[in-house]
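Student: Take a look and give me a structure for this.
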Amino acid sequence: MSGPSSILPGQRLRARGADSNASGRFEATARVAFDDGWDLAEEDRLVETEVRQERPRSALTFNRSPDLPFDRSINPYRGCEHGCIYCYARPSHAFLNLSPGLDFETRLIARPGIAEVLDRELRRPAYKVAPIAIGTNTDPYQPVERDLGIMREVLRVLAAFRHPVWITTRGTTIERDIDLIAPMAAQGLAAVSISVTTLDADLARRMEPRAPAPRRRLQIIRRLAEAGVPVRIQVSPLIPALTDHELESVMQAGRDAGARFANSIPLRLPLEVAGLFRDWLEATFPDRASRVMGRVRELHGGRDYDPEFGTRMRGQGLWADLIHRRAELARRRLGLDEGLPALRCDLFQPPARTGDQLTLF
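Tutor: Here you go, the predicted structure:
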């Protein structure tokens, strides 16, 4: 089990991925909900999304992972209301002394002002341009973005600097920003990955309770592709004995919608995610839970997760090799095996600011 819950008596969940709220791994104490009989009876209260604000001190986060095709990223938000039960970003909420469980999807941190910080960082004389990835931790187009527009502000800065960016999302609000993304794509500065885990709307609703339905995500691909934006369909995570049989059909649907590239990554369950996913699996699919987890452990050397570079994103063993081969054959058959577009870095140019002295040459 994932640990004791801190969901209070009378609290009611609707369209949430996690049903527990165990303390994060850095907290010295654990919170356990307990009814001592002294509280007055109250009506059930729906657990609502709470958004706090953080003043960002930096915009760019750098990494040295050999498994990733980028070395820098931007996170406009911490936590994600989509509530995907398998999300590998859940453990990051523990650094805020919040639970990777229900807190991750209900207690969000928005970072207004991050665009201004990014502007300053990109102007530093020592800055060397390389593609920025957005959406690799939490989704920049989760529902709260509709009202706050933080991602749009970031895109405005990147467009002004002519800076390359790769966006990963499953949120419909990206359609609002096609007016910014399409001109950047026309210059070779932008590309988008849309995550589609399954075509089964009921399964998607259970796994990703507040994310758009699969059919709607395919519409996002179509709209981006029609605007000239290079789109990759990302069949990730691929869950053994639950969604792996859909690998080829999801890629086909993505290609039919206009995707030009495709990839797939097997399920990863780092730290607290393992317990949350096991609990969800036992409650939702008790008939196949042991089979799913058995195959997951086969992928990761007998453990729920193997964090080693080189194998964590691909898995190991016969099943991993089979999935890799299936994906390779499907990409080739569907014409999705072309390499990802190399985003241009040679156009980067900090825009002039009010008061800057202009050169004559």
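
Student: contacts, neighbours, all on C-alpha from now
Tutor: Noted.

Student: State the mean pLDDT of stretch 273-285.
Tutor: Over the span of stretch 273-285, the pLDDT mean works out to 97.

Student: May I have it as CSV, with CA atoms only?
Tutor: The C-alpha trace of stretch 273-285 is given here as CSV (Å, rounded to 0.1, in the frame of the first residue of the first chain):
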residue,chain,number,x,y,z
VAL,A,273,4.3,6.3,-7.8
ALA,A,274,4.8,2.6,-7.4
GLY,A,275,2.5,2.4,-4.4
LEU,A,276,-0.1,4.7,-5.8
PHE,A,277,-0.2,2.8,-9.0
ARG,A,278,-0.4,-0.6,-7.3
ASP,A,279,-3.3,0.6,-5.1
TRP,A,280,-5.2,2.0,-8.1
LEU,A,281,-4.6,-1.2,-10.1
GLU,A,282,-5.9,-3.4,-7.3
ALA,A,283,-9.0,-1.2,-6.9
THR,A,284,-9.7,-0.7,-10.6
PHE,A,285,-8.5,-4.0,-12.2
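
Student: got the contact list for that stretch?
Tutor: Contacting residues not belonging to stretch 273-285 are listed as 1-2, 17-18, 20, 85-88, 90-91, 100-101, 269, 289, 293, 304-305 [CA atoms under 8 Å, 6 or more residues apart in numbering].

Student: Equivalent analysis for stretch 319-333, please.
Tutor: 247-248, 251, 261-264, 298-299, 314, 336-337.

Student: Name the nearest of the residues you listed relative to Arg176.
Tutor: Nearest to Arg176 among those, counting by CA to CA, is Phe261 at 22.6 Å.

Student: Ends of stretch 325-342, what's the gap?
Tutor: One end of stretch 325-342 sits 24 Å from the other (CA to CA, to the nearest Å).

Student: pLDDT of it, averaged?
Tutor: 93.

Student: Flag every buried residue along that stretch.
Tutor: 327-328, 330-331, 334, 336-337 (16 or more other CA atoms under 10 Å).

Student: same thing with stretch 274-284?
Tutor: Applying 16+ other CA under 10 Å to stretch 274-284 flags 274-281 as buried.

Student: Now do it: distance to the chain's middle.
Tutor: 19 Å (CA atoms, centre = their mean, to the nearest Å).

Student: One more: stretch 340-353?
Tutor: From the chain centre to the centre of stretch 340-353 is a distance of 25 Å (CA atoms, centre = their mean).

Student: what does stretch 273-287 give?
Tutor: With CA atoms, centre = their mean, you get 20 Å for stretch 273-287.

Student: What of stretch 81-97?
Tutor: For stretch 81-97, the distance to the chain centre is 10 Å (CA atoms, centre = their mean).

Student: before we move on, what about stretch 313-324?
Tutor: Worked out by CA atoms, centre = their mean, stretch 313-324 lies 22 Å from the chain centre.

Student: Pull up the distance across that stretch, start to finish.
Tutor: 11 Å.

Student: For it, which residues meet the burial criterion?
Tutor: Buried, per 16+ other CA under 10 Å, within stretch 313-324: 313-316, 320, 323-324.

Student: related to what we said a few turns ago, and the buried residues of stretch 274-284, which is closest to Leu224?
Tutor: Using CA to CA, these come closest to Leu224 at Phe277, 32.1 Å.

Student: check which helix or strand covers the closest one.
Tutor: helix 272-284 (DSSP states H and E).

Student: same check, this time on Val250
Tutor: When elements are assigned from DSSP H and E, Val250 belongs to helix 247-257.

Student: where in this structure is pLDDT low?
Tutor: The model of the chain has pLDDT under 70 over residues 1-11, 28-44, 355, 357-361.

Student: all helices of it, in order?
Tutor: Taking DSSP state H, the helices of the chain run over residues 102-106, 114-122, 145-148, 150-161, 178-186, 201-207, 214-226, 247-257, 272-284, 289-299, 318-334.

Student: Redo the ones you listed as TSV? Include distance to Pro350.
Tutor: Shown next, in TSV, are the helices of the chain (distance: least, CA to CA, whole Å):
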stretch	distance to Pro350
helix 102-106	36
helix 114-122	7
helix 145-148	25
helix 150-161	5
helix 178-186	15
helix 201-207	42
helix 214-226	27
helix 247-257	36
helix 272-284	40
helix 289-299	46
helix 318-334	38
